[in-house]
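# Kindly generate the corresponding structure for this input.
(one chain, ligands or ions: 2)
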Amino acid sequence: MALTLYNTLTRTEEAFAPIDAEHVRLYVCGPTVYDYAHIGNARTFSAFDLLARLLKHLYPRVTYARNITDVDDKIIERSKQSGEPIDGVTARTTDQFHADMDDLGLLRPDIEPRATTHIPQMVEMIGNLVEKGFAYAAEGHVLFHVPAMQDYGRLSRRSQDELIAGARVEVAPYKRSPADFVLWKPAKEGEPGWDSPWGRGRPGWHIECSAMSAQHLGQVFDIHGGGLDLIFPHHENEIAQSRCAHGTAVMANYWMHSGFLTIAGDKMSKSLGNFYTVRELLEEFPGEAIRLALLSAHYRQPLDFTKEKIAQAKQTLDRWYGVLRGLDTVQEADVPAEVLSALEADLNTPLAISQIHELAGAFHREQDPAKKLEAAAALKAAGGLFGFLGHPPETWFRWTTAGAGGLDEAAIEAAIQARKDARKAKNFAEADRIRNDLAAQGIILEDGPQGTSWKRG
Ligand code: AMP
Ligand code: ZN
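Ligands and ions are numbered 1, 2, ... in the order given. As a prediction, this is how the structure comes out:
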C-alpha cells in the first residue's frame with residue numbers, strides 16, 4: 001500500500017501518512033445551497049468521492065465530512081428575489097443536491113454538518129481569536145487581523161505585502177488592514193441572525209468550515225479538499241482561523257484541490273452563465289456515465305466539458321456492462337493490483353480507467369471459460385472500487401432517457417411475449433414483424449439460452 005497525494009501546501013506529491021492509521025479524517029467544502037448544483041461542482045465532489053472510496057478501501061475507518069453552507073449572502077439574495085423563505089430555499093436546494101449526487105452514484109459523506117446548526121461553535125472560536133489578539137470587533141463586525149499571523153499566506157504563497165497591495169476586498173473604514181477578513185457581521189433587519197457578544201449577526205463563510213471541521217474531525221486532521229478556486233481566500237483563511245485559535249502548526253496535513261471543469265476553455269460558473277446543471281444532464285444521460293466522464297481526466301487537470309464526453313463514457317460503460325451481461329454469477333475478486341496502484345498514485349483515474357478497459361479486452365480475447373470469468377470478476381471488482389457496475393446489466397441496457405419518448409419496459413416485454421407466442425404458433429412472419437418493429441424503435445432483441453433479452457441500440 002503506497003498512497004501518494006499531491007499536497008497544495010508543499011506543491012509536491014507526498015506519501016500519505018495518516019495521523020491515526022486506524023481512523024483517517026477527510027473534510028471537503030460542500031455546496032452553498034441556493035440553486036441546483038452544476039456539473040463543475042459535481043466534478044469536484046466526484047473527485048473527492050473517489051478519494052473517500054479509496055481511503056475506505058485502504059484503511060479500517062474513515063470519516064468523510066462535507067458541509068452544507070446554509071447561511072450566505074447568495075441565499076439571502078435568492079430568497080429576496082423569489083419571495084421563498086430562506087429555510088425553504090435551503091431545505092429544497094439541499095434535497096435537490098442530495099438527489100443529484102445520489103443519481104450520479106456518489107456516496108453520502110459520513111457527516112454532513114450544516115452551518116446553521118454550528119453557530120455556537122463559531123461564536124466560541126471567534127471569541128477565542130479576539131481573546132488571543134488575532135481578531136478585533138468594529139462596528140458590529142469581527143475581523144481577523146491578517147498582520148497578526150506571521151506566516152499567513154503559506155497555502156496560496158502570497159506575501160502580506162502582495163495581499164495588502166492587491167487588496168481589492170471591499171474597503172471598509174473599520175478595517176485595520178485592507179487584507180483583514182470578516183469572521184462575524186451584523187444581520188440586517190429581516191436577515192437570519194444569532195445573538196452574540198458583538199450583537200445580532202451571522203458568521204462569515206470561512207469561519208463555518210473552521211468550526212465544523214474542528215467539531216467533527218478535531219483541531220488537526222488528515223486531508224482537506226475543495227476546488228482550485230477555494231485555495232484563496234477560503235482555505236487560506238480557514239487555515240489562519242484554525243491555526244491561530246488552536247495554536248497548531250497546521251490545520252490539515254494534506255490540502256487537495258481539484259481542477260476546473262471548463263466550457264470552451266472558460267471556467268464553468270453560475271456567474272458566467274455557461275453552465276449545465278447536473279439535473280438537466282441527468283435527463284439525458286445515466287448518472288454513472290456522467291460520473292465516468294467527470295473522472296476521465298486526472299482530477300488536477302482542467303476538464304473541458306462536452307456532452308460528447310458523456311456519450312463516450314456511456315459507450316465505455318456499455319462495453320463493461322456487456323462483459324457482465326449473460327454471466328449467471330460473477331465471483332467476488334480483489335481489485336486488480338494495477339488498478340489500485342494507479343489510483344494510489346494521486347488518483348490517476350485516466351490510467352485506472354484504461355486498465356479496466358483492458359480487462360474488458362482480455363475478457364473478449366480469452367478463449368478459456370475459466371479465464372474469461374476471471375477477467376469478468378476482475379473488471380467488476382475494479383469498477384466496484386469506483387462505485388461503477390453496480391446495476392444489474394439488464395437494467396443498465398434498459399436505461400432510458402426521461403422524455404425521450406421511447407417504448408416503456410412494459411410495452412417491450414409485451415411485444416417480446418407476443419413474438420414468443422407467434423413463434424410457438426409457427427407464425428414466423430409475425431414474429432419477424434414484431435422484431436423489426438421493435439428494431440425500428442431502437443430496441444434490439446437478442447435470443448439466448450435463457451430466453452430473449454433486449455437493449456436499447
Ligand atoms: P460552491 O457551491 O460554489 O461553493 O462550490 C462547491 C464546490 O464546487 C467548490 O469546491 C468549488 O471549488 C467547486 N467548483 C465550482 N465551480 C467549479 C468548476 N467549474 N469546476 C470544478 N469545481 C468547481
Ligand atoms: Zn470550506
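# the strands in the stretch 101-250 of the chain, which residues?
If DSSP state E, counting those that start in this stretch is used as the criterion, the strands of the stretch 101-250 of the chain fall at 135-138, 141-144, 181-186, 201-203, 221-227.
# quick one: buried residues of the first one?
Applying a neighbour-count criterion of 16 or more other C-beta atoms under 10 Å, one finds 135, 136, 137 buried in strand 135-138. From N, CA and C alone the C-beta is placed, and that goes for glycine too.
# which one of those sits closest to residue 4?
residue 135 (36.9 Å; C-beta to C-beta).
# Could you pull up the residues touching the closest one?
When contacts are counted by C-beta atoms under 8 Å, 6 or more residues apart in numbering, residue 135 touches 126, 129, 142, 143, 144, 145, 183.
# which one of the buried residues of strand 135-138 sits closest to ligand 2?
Ranked by distance to ligand 2 (C-beta to the ion), those are led by residue 135 at 18.2 Å.
# Nearest residue to the closest one in space, please, no chain neighbours.
Spatial nearest neighbour of residue 135, excluding adjacent residues (C-beta to C-beta, 6 or more residues apart in numbering): residue 129 at 3.9 Å.
# ok now stretch 34-51, how far from the chain's centre?
On the basis of C-alpha atoms, centre = their mean, to the nearest Å, stretch 34-51 sits 4 Å off its chain's mean C-alpha point.
# Quickly check: that stretch near ligand 1 or not.
Yes: using C-beta under 6 Å from any ligand atom, stretch 34-51 reaches ligand 1 at 40, 41, 43, 44.
# Out of the residues you listed, which sit inside helices?
Members of the residues of stretch 34-51 next to ligand 1 lying in helices (criterion: DSSP state H): 40, 41, 43, 44.
# burial measure for the closest residue to ligand 1 within the stretch 151-300 of the chain, as a count.
At 2.0 Å from ligand 1, residue 227 is the closest residue in the stretch 151-300 of the chain, using C-beta to the nearest ligand atom. Per other C-beta atoms under 10 Å, the neighbour tally for residue 227 reads 22.
# How much space separates it from ligand 2?
10 Å (C-beta to the ion, to the nearest Å).
# Now the closest residue to ligand 2 within the stretch 301-450 of the chain: closest residue in space, sequence neighbours ignored.
Here the residue of the stretch 301-450 of the chain nearest ligand 2 is residue 347; by C-beta to the ion that distance is 20.3 Å. Spatial nearest neighbour of residue 347, chain neighbours left out: residue 299 (5.5 Å); criterion: C-beta to C-beta, 6+ apart.
# Next: residue 267.
Nearest non-adjacent residue to residue 267, counting by C-beta to C-beta, 6+ apart: residue 260, 4.6 Å away.
# Give me the distance between the spatially closest residue to residue 109 that is not a sequence neighbour and residue 267.
Closest residue to residue 109 apart from its sequence neighbours, by C-beta to C-beta, 6+ apart: residue 66 at 4.0 Å. Per C-beta to C-beta, to the nearest Å, residue 66 is found 21 Å from residue 267.
# Please apply the same query to residue 10.
Residue 10 is 25 Å from residue 267, where distance means C-beta to C-beta.
# can you check residue 196 too?
With C-beta to C-beta as the criterion, residue 196 and residue 267 are 35 Å apart.
# ok, now residue 293?
18 Å.
# The two - which one has more neighbours?
Set side by side, residue 293 and residue 267 show more neighbours around residue 293, with 26 against 18, by other C-beta under 10 Å.
# does the residue nearest to residue 347 belong to a helix or a strand, and which?
Assigned by DSSP states H and E, residue 299 belongs to no helix or strand.
# my guess is it contacts residue 259, does it?
Yes: when contacts are counted by C-beta atoms under 8 Å, residue 299 is listed as touching residue 259 (6.6 Å).
# Pretty sure residue 94 sits in a helix.
Yes: applying DSSP: H, G, I helix; E, B strand; the rest coil, one finds residue 94 inside a helix.
# quick one: it and residue 69 touch, right?
No: counting by C-beta under 8 Å, residue 94 sits too far from residue 69 to count as a contact (10.3 Å).
# ok, back up a step: quick check, nearest of the residues of stretch 34-51 next to ligand 1 to ligand 2?
residue 44 (11.8 Å).
# contacting residues for the closest one?
Taking C-beta under 8 Å, 6+ apart, one finds 226, 227, 258 in contact with residue 44.
# Contacts only, for the first one.
Under the criterion of C-beta under 8 Å, 6+ apart, the contact partners of residue 226 comprise 28, 29, 44, 234, 235, 257, 258.
# In the stretch 251-400 of the chain, mark out all the strands, start to finish.
Using DSSP E, counting those that start in this stretch, strands in the stretch 251-400 of the chain cover 252-258, 261-263, 266-267, 303-304.
# Nearest to residue 280 among the ones you listed would be which one?
Proximity to residue 280 (C-beta to C-beta) singles out strand 261-263 among the strands of the stretch 251-400 of the chain, at 13.9 Å.
# how about that closest one: buried residues?
In strand 261-263, counting by 16+ other C-beta under 10 Å, buried: 261, 262, 263.
# partners of that strand, with directions?
Sheet pairing for strand 261-263, assigned by DSSP bridges, gives strand 266-267 (antiparallel), strand 303-304 (parallel).
# any idea of the mean pLDDT in the first one?
It refers to strand 266-267. Mean per-residue pLDDT for strand 266-267: 91.
# contacting residues around it?
By C-beta under 8 Å, 6+ apart, strand 266-267 touches 40, 229, 260, 261, 272, 274.
# if we go to 7 Å?
For strand 266-267, contacts defined as C-beta atoms under 7 Å, 6 or more residues apart in numbering pick out 260, 272, 274.
# same deal with stretch 109-122?
In contact with stretch 109-122 (C-beta under 7 Å, 6+ apart) are residues 63-71, 194, 203, 207-208, 211-212, 215-216.
# Go back to those and keep what's next to ligand 1.
Okay, of those, nothing touches ligand 1 (C-beta under 6 Å from any ligand atom).
# Report the buried members of the residues you listed.
By 16+ other C-beta under 10 Å, the contacts of stretch 109-122 give 63-71, 194, 203, 207-208, 211-212, 215-216 as buried.
# residue contacts, the residue nearest to residue 109?
28, 30, 109, 112.
# out of those, which one sits closest to residue 173?
Among those, and counting by C-beta to C-beta, the member closest to residue 173 is residue 30, at 33.9 Å.
# Okay, now the unreliable bits of the stretch 51-200 of the chain?
166-171 (pLDDT under 70).
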